[in-house]
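Trainee: Fold the stuff below for me.
(4 chains)
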Protein chains: 4
Amino acid sequence: MKILTSKPSIKNRFLEIRNKTEEICSSLEVDDFSVQPVAFVSPPKWHLGHTTWFFEQFVLSEYKENYECFSEDFSYYFNSYYNNVGERILRMNRGNMTRPTIKDVFNYRAYVNNQLSDFLKEEQSKNVLEVLEIGLQHEQQHQELLIYDIKYIFGHQPAFPALKTDINLKPESEEGFVSISEGVYKIGHSSNKFCFDNELGVHKTYLHNCKISKSLVTNGEYLQFIEDGGYQNFNLWHADGWDWLQVNNVKAPLYWHKTSSGYKQYTLNGLKSLDKNLPVSHISFYEAWAFAEWKDMRLPTEFEWEVASKHLKYGQLWEWTNSAYLPYPKFKKADGAIGEYNGKFMINTMVMRGASIATPTNHSRPTYRNFFSPDTKWQFSGIRLAK
Amino acid sequence: MKILTSKPSIKNRFLEIRNKTEEICSSLEVDDFSVQPVAFVSPPKWHLGHTTWFFEQFVLSEYKENYECFSEDFSYYFNSYYNNVGERILRMNRGNMTRPTIKDVFNYRAYVNNQLSDFLKEEQSKNVLEVLEIGLQHEQQHQELLIYDIKYIFGHQPAFPALKTDINLKPESEEGFVSISEGVYKIGHSSNKFCFDNELGVHKTYLHNCKISKSLVTNGEYLQFIEDGGYQNFNLWHADGWDWLQVNNVKAPLYWHKTSSGYKQYTLNGLKSLDKNLPVSHISFYEAWAFAEWKDMRLPTEFEWEVASKHLKYGQLWEWTNSAYLPYPKFKKADGAIGEYNGKFMINTMVMRGASIATPTNHSRPTYRNFFSPDTKWQFSGIRLAK
Amino acid sequence: MKILTSKPSIKNRFLEIRNKTEEICSSLEVDDFSVQPVAFVSPPKWHLGHTTWFFEQFVLSEYKENYECFSEDFSYYFNSYYNNVGERILRMNRGNMTRPTIKDVFNYRAYVNNQLSDFLKEEQSKNVLEVLEIGLQHEQQHQELLIYDIKYIFGHQPAFPALKTDINLKPESEEGFVSISEGVYKIGHSSNKFCFDNELGVHKTYLHNCKISKSLVTNGEYLQFIEDGGYQNFNLWHADGWDWLQVNNVKAPLYWHKTSSGYKQYTLNGLKSLDKNLPVSHISFYEAWAFAEWKDMRLPTEFEWEVASKHLKYGQLWEWTNSAYLPYPKFKKADGAIGEYNGKFMINTMVMRGASIATPTNHSRPTYRNFFSPDTKWQFSGIRLAK
Amino acid sequence: MKILTSKPSIKNRFLEIRNKTEEICSSLEVDDFSVQPVAFVSPPKWHLGHTTWFFEQFVLSEYKENYECFSEDFSYYFNSYYNNVGERILRMNRGNMTRPTIKDVFNYRAYVNNQLSDFLKEEQSKNVLEVLEIGLQHEQQHQELLIYDIKYIFGHQPAFPALKTDINLKPESEEGFVSISEGVYKIGHSSNKFCFDNELGVHKTYLHNCKISKSLVTNGEYLQFIEDGGYQNFNLWHADGWDWLQVNNVKAPLYWHKTSSGYKQYTLNGLKSLDKNLPVSHISFYEAWAFAEWKDMRLPTEFEWEVASKHLKYGQLWEWTNSAYLPYPKFKKADGAIGEYNGKFMINTMVMRGASIATPTNHSRPTYRNFFSPDTKWQFSGIRLAK
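Mentor: The predicted model follows:
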């Protein structure tokens, strides 16, 4: 991974990002930190501990002399999916762990923050700084997941509590389409700034003529799709999408609630009347694809998106592409635990491009390859059409 | 239901029982109150709220003039299985509700306690006192369930936290058997003290000669069963028990952990070496029955047990009987919600008799009919043999 | 088991019963013999082979000198649940075995019939005759199961094929109730004719006053229950019954089909308009119990039924009792494989008494204890009320 | 779809292909035709009927004047997944349909063959010939599926019956790698012969330097992977692959059986000792990918494969590529039922290229895009490596 780290700032940047994570949780009650309503949602407590464990495991234990672990037990609880680092609790049991308490976990964070700040007082090798940088990027990814998961936890309770936050969607005003001309284009990360291994290396791809919409699809447009019977017309759906629809009885985006006075939508600020001018959010790939079929258009590929990105105002919602998440031509997994970061997910997932209002500032970039399985919709997802 | 309630004491008794419930939870952390590791375990927070809701729903809302509910939302959350009282969250989703917070629930308890104390300042009708009594009995039942559930929650975490409590099993020293002679016996509750509807009315049953052990089976005896291959010998098991064994990979009582230095057992005071002299606990009906087969004996029926009870020292563990939970000859469900209390569970469950160290003082009696499905083992269950 | 077997007739009786089994299948196509639409239904081919294997395994292999098995492989396929006799295919995979073919199985039957006829030319010991008798009773039980299973297989196909048979329900004309007076009664099998181990031994039971209906509940009465919202009123149902209803979306007896012109019912003679005068059939214990609740009556216990039986005309449908299937006071499982016949099912099942139009002549008797789990309804089951 | 059909031959070609299907089944017993051991395997009877229904539905009913359907009921049973053509039985219930019998189905085939032969006596429009051609291609696809399904049905029975057939794998003798140079290549079907819509239209793609093996991986090489702990090393697997492995307890290719004398392999000619020189077959995408990781190589993309294909001897086993099955740039689903043929499967599946020994002669071509989900292995699949 390519990394640019100016020595003076790294400690500040570390603390800034670490604080940001806790800030996201600042309005939570102790009661909110431990639950796990479904397997793919992790308890907020777990995110706070896991991001800390990452620094302890891969930086402090590895490189700091005489480092003493905060607690041996925490590794078992806070390892996510790094088989190389040993046993861990089953993902779906995270929500059953009442200990360590959230107070313990904040103590753990403080301890690791102090130890790492101390460690960064001295100049560290490029190798250490690289792992540290991954830890920071990793914590930023979990900041976004934290928001998804808190929204899911709150959005599935009768009280519909609100998270005090200024994360809000806005209407998009751009009209029309960006055009791409047929030809060979370069794809992949080329600057000397940080990127993940899945964005490397720069390589050529051949694109055909296409047009990509300048704005995301709105709630209003999506409502038309619903009212036109979009969820009942199998011709618009993938076979797997259609099955998923029936099994899960899906009839609208996540967080939409049909009431006698029209649709309401759960937002981080509570339950609101549906705003037709806002971009439609929390839709699965299956729904995005079916909507595009209904519009007689299609979703862009991730390569079209990357090429078009310099002409687009994006960043409100991650955008489904019709590209499967697969390795770039020269992709090679890193050895050991870090190698588990990306490569092993390159099956059964679709690429999302862009960023969302829940993405930390400066975390994303035009070459960033996010990925989710096609039935997920708790992430901040949206639709951009192509033709 | 027959009820004896001396007016002067009812308010005190009410507050005493209410306080006892909170006392059980006194050493819990806030984090411990909300989780639900399996569907049959409820979060401690839920027990605290549900027992309160029972008084609010069936006493205050019904009988206290101008009573104002603490919160309309709480009914949805804290109703357990009373279909007659309206919609409620699915049992398995109780652990996903982070709101109301535990602080809210303690406020709810205080509010209802005050309102009810106030209400009891005036003399109340027999009808009201009867419902109140059921509420108290009901809260005592939940005190016991609270202990089961806390033990389950703690006993399924790698840290094995302890609940500060003096609930401990002791060795049983009685030897030999109690004999019952063939003949007609009276069964059922006959005093003028409280009992549940399922213990009424007194009726005759014909018993044959039998002998019932004076002591419960010990951990040491059960260990012999295990070491003799009891869990591998299908001839000892019911067909359903054998299937249950395979599917759940059961090899020992709940909370037993095989280690390189012998079995350890999780207790409310933490993980301990197995004490062979203590009664074996946390076994399912299937296991109790298989153990009896192995011993070439059998489990008593609930009628044999009731007749023998005046000669037995019991009360450490609920005892599996080989009686299905079925109505007594003149049993009739009460109308409305209270009628849902017992009758609708009279299928697929087996009767347990006695009491356990987790049972509140004075809550049980010789005619008490507890019942659980034959695969459950998180309750404080034990084995008494008959022949 | 007590057995009366007159030597001269045993061979004839054997061949008569064996032929009867094949006669039941006489109108089946080859295609009909191998399928298994649900785990609890066995392919007809399997019944034909399994009953044959029983004689081969427990009579010929055991007692006939130099007996050569027809094929070693058949034991693996045709063993049902006798763990003592070795490995066998999983029950739910029976329908995947296309080999042995049905032709092979008829050859198998002929071979075993010949071998056994030959064996019976000589006088055999009491011990052999007892096992033989069990084999015959066992085959008769499978004759009845064959009819259940064929009906299930045919009744779940769009073509609704008919089995050529004279098995038909008739209206019951008796009115009123049989009365039983309080007192001690003898229960259990006492004659010197054959019975199963679960009917032994004769013992006393105490009954209270009750009345038992002389006729089974009719389709017409059951239709009133449906039209009165019986399936929507949770107060009428066991908790487990209510859950079963929701999960399986049950709204009527098995084989009833709601059409624009009223209910139709699949019978062994094809799809017919519902005849309101016939006894209601193919209902689960849950439904029988709920119906009784709705009628403000109850189901009889198996002891009440046995005492009343000499005054009843029964035999069209097996009758659900409100007795769990449990051992009689002196019940003891036989050793070895035969011991698996009854005892291991004495949990989670309810007793049915009587007989059905699918029961072979002379197979049942007043002390006969049939048993099924409370959610099953493919057996020929009906409702008799008590109060 | 582009189609070349010389009028004089079309009728002969139709009858030839229709006969070939029946020839595949010529050694089956009647008993073999109806079973469905898992949802993804269809009963042979169903294939015979479904391919016939395709001609009846899309050719005869549509275009032949006064055509009378053989039976209205058959459409319900033999429709596969064409939602546009109406209701059908659930896929997993195909194996429960004993009627129509196999005899009925052969009559159905004869009837449709006659009707269509008659229809083809007169000259038909290009439109009709196109649909007819799809029907023939479709029947050829089902010929291959028939072989997969028969193998699965036979290979999961203790008797391991053999299908009389000359379908056999041979060792591959080519050594070394084919090289592809970086540059723009044309992909997709361009001749005027038949192809499916998913192979159209010709478009450019940019490839980087790579080398592709001239031979498939052998059983011997795969055995080394197993013996080297390949199935125990999570670093070699996709996350989903690893989960799949654990859940299904996968330890070898399908049809391999570990015995005391080494591996045996079920083949269409029965159970044989494993031949190390033959290509490894019946492996899932997950296994192919893990094997490539272990070899420190990779799977080719479908585009690399297509470019390399003119230098390869292929055709023994379908070859997994590391390309997700996605639409080509100008792909557009056809309207109506025919549009359901390919497009709706373009998610969660991976492309396989080549052909297998079970593929009908002349059915495949270098641009042919076969596709399966990554966990399937009952198809005739193999591994070709790239680097």
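Trainee: how about the CA coordinates for the least confident helix or strand in chain A by mean pLDDT, as CSV?
Mentor: Sorting the helices and strands of chain A by mean pLDDT, DSSP states H and E puts helix A:72-78 at the bottom, at a mean of 82. As requested, the backbone C-alpha atoms of helix A:72-78 are provided in CSV (Å, rounded to 0.1, in the frame of the first residue of the first chain):
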residue,chain,number,x,y,z
GLU,A,72,-5.8,-11.2,27.1
ASP,A,73,-9.5,-11.9,27.0
PHE,A,74,-10.2,-9.0,24.8
SER,A,75,-8.6,-10.5,21.8
TYR,A,76,-11.1,-13.4,21.8
TYR,A,77,-14.0,-10.9,21.9
PHE,A,78,-12.7,-8.2,19.6
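Trainee: got the contact list for the residue nearest to A:E56 when sequence neighbours are not counted?
Mentor: Of all residues not flanking A:E56 in the chain, A:V112 sits nearest, at 5.4 Å (CB to CB, 6 or more residues apart in numbering or on different chains). Heads up, the C-betas are built off the backbone N, CA and C, glycines and all. A:V112 is in contact with A:T52, A:F55, A:E56, A:L60, A:F70, counting by CB atoms under 8 Å, 6 or more residues apart in numbering or on different chains.
Trainee: Where does A:V112 sit, in terms of helix or strand?
Mentor: helix A:102-120 (DSSP states H and E).
Trainee: quick one: the next helix or strand after that helix to helix A:102-120, angle?
Mentor: Under the assignment DSSP H and E, the closest C-terminal helix or strand after helix A:102-120 is helix A:126-155. Calculated by axes from the mean of the first three to the mean of the last three CA atoms, to 10 degrees, helix A:126-155 forms an angle of 160 degrees with helix A:102-120.
Trainee: which secondary structure elements does helix A:126-155 contact?
Mentor: On a contact count with 3 or more CB pairs under 8 Å, 6 or more residues apart in numbering or on different chains; DSSP states H and E, helix A:126-155 meets helix A:7-24, helix A:44-55, helix A:61-63, strand A:262-267.
Trainee: What is the neighbour count of the nearest residue to A:L326 once chain neighbours are set aside?
Mentor: Closest residue to A:L326 apart from its sequence neighbours, by CB to CB, 6+ apart: A:M346 at 5.6 Å. Per other CB atoms under 10 Å in any protein chain shown, the neighbour tally for A:M346 reads 22.
Trainee: roughly how far apart are A:M346 and chain C?
Mentor: 35 Å (CB to the nearest CB, to the nearest Å).
Trainee: got it, and A:M352?
Mentor: Using CB to the nearest CB, A:M352 is found at 36 Å from chain C.
Trainee: Over to A:K211?
Mentor: A:K211 is 48 Å from chain C, by CB to the nearest CB.
Trainee: And A:N362, by the same measure?
Mentor: The value you get for A:N362 to chain C, if CB to the nearest CB is used, is 50 Å.
Trainee: And that residue, its phi and psi?
Mentor: The phi and psi values for A:N362, taken as degrees, to the nearest 10, are phi 70, psi 10.
Trainee: Distance of it relative to A:S381?
Mentor: 21 Å (CB to CB, to the nearest Å).
Trainee: These two - which one has more neighbours?
Mentor: Neighbours per residue, other CB under 10 Å: of A:N362 and A:S381, the larger number sits with A:S381, 27 against 10.
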